[in-house]
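**Student:** Pasting the sequence and the predicted model now:
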Amino acid sequence: MRSVLVCPPDYFDVVDQKNPYMSRKVAVDRAKARSQWDCLCSVLQQNGCEIQTIPSVEGLEDMVFAANQVFVGEKAGYGKFAVPSRMLYASRQREVPFYTEWFRQHNFQIIELDFDNEFLEGHGDMLWHPDGSRIYAGFGFRSTEGGVAKFAAALSKFDIPVIPLQLIDPLCYHLDTCLCPLNNEAALVYPGAFSAPALESVHKFWKRVHLLSTQEAHSFMGNGIVAGSSYIAPRMTPQLKAMLRSEGLTPVIVDTSEFEKAGGSCFCMKTFLP
Ligand code: ARG
């Protein structure tokens, strides 16, 4: 069974504009957000995940996006580790100590980086290759190139290569909106989100690249979760369903409309634990 960490949306809200999705002046329906979050949790459970919860904190309106505050992994001979993020926005920086403490209490070794003026946003921008052989690291909007370099230097002691990927589309401000590993050979990729050298790297490291359209990427269809043999996302086109089926995955839809008002969907709302 895979464990997954989530944070309930008790204080979830849109109070400022941290990404282009947050520009619209729309109110959050917190009861609806709660039922969407409950639905995501039960779909994860139905797909073999054990849910672990970190309590939400009043005033931290984005804390529900549990993918961002730390980067987690495990290395043979070292054990489980967590690298605390340095979030670009002050309100989100305040979430990090709560998550760091949770991971410390759950026996993860905490690897603190000295960030100076650099930023790094956890599993929003950094994705494991499913077999653990390397990490893809997006930068350009939230994480910085220097932040990724500091992370890569820290991980070099584990012999885990970090592949920097420059992001160029503000609507794909995190890597998890435009690259979604499906298995060791295949990924969903929105090509318009990457600089030319980054897109070349992506093609080099994946045997099968399934291209997402602009409309698919900008409506979070690539921000899905692979759990068991399901792909969980907020909506799907017939083309996306066909790509998933060709990889042996079953499309499962979970509505995340409330969370999309804050610029996040399924993938952003959890961290898989090693
Ligand atoms: N409002 C949040 C922010 O802008 C959304 C985070 C979405 N998370 C993600 N992993 N893409 O920081």
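**Tutor:** Perfect, thanks for sending it.
**Student:** Which positions in this protein make contact with the ligand?
**Tutor:** Within the chain, the positions adjacent to the ligand are 18-19, 62, 65, 67-68, 92, 124, 174, 176-177, 262-264, 268 by Cβ under 6 Å from any ligand atom. Quick note: C-beta positions are derived from backbone N, CA and C, even for glycine.
**Student:** go with 8 Å
**Tutor:** Counting by Cβ under 8 Å from any ligand atom, the residues of the chain close to the ligand are 14, 18-19, 21-22, 62, 65, 67-68, 87-89, 92, 121-125, 142, 173-174, 176-177, 223, 262-265, 267-269.
**Student:** so which strand or helix has V148?
**Tutor:** According to DSSP states H and E, V148 maps onto helix 145-155.
**Student:** just the CA coordinates of that helix, formatted as CSV?
**Tutor:** Taking C-alpha atoms only, helix 145-155 is exported to CSV below (Å, rounded to 0.1, in the frame of the first residue of the first chain):
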residue,chain,number,x,y,z
GLU,A,145,17.5,27.9,-11.6
GLY,A,146,19.8,28.6,-8.7
GLY,A,147,17.4,26.9,-6.3
VAL,A,148,17.5,23.8,-8.5
ALA,A,149,21.3,24.0,-8.7
LYS,A,150,21.5,24.0,-4.9
PHE,A,151,19.1,21.0,-4.7
ALA,A,152,21.1,19.1,-7.3
ALA,A,153,24.3,19.8,-5.4
ALA,A,154,22.7,18.4,-2.2
LEU,A,155,21.4,15.3,-3.9
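**Student:** Which secondary structure elements does the helix or strand that R34 is a member of sit against?
**Tutor:** Using DSSP H and E, R34 falls within helix 30-46. If contacts are counted by 3 or more Cβ pairs under 8 Å, 6 or more residues apart in numbering; DSSP states H and E, helix 30-46 sits against strand 2-6, strand 49-53, strand 225-227, strand 230-233, helix 257-260.
**Student:** and these, which is most packed in?
**Tutor:** strand 230-233 (a mean of 24; mean count of other Cβ atoms under 10 Å).
**Student:** Describe which strands it pairs with in its sheet and in which direction.
**Tutor:** Using DSSP bridges, the strands paired with strand 230-233 are strand 225-227 (antiparallel), strand 250-253 (parallel).
**Student:** How about the contacts made by the residue of the stretch 101-250 of the chain found nearest the ligand?
**Tutor:** Closest residue of the stretch 101-250 of the chain to the ligand, Cβ to the nearest ligand atom: G124 (3.3 Å). G124 is in contact with 65, 67-68, 142-143, 174-176, 268, counting by Cβ atoms under 8 Å, 6 or more residues apart in numbering.
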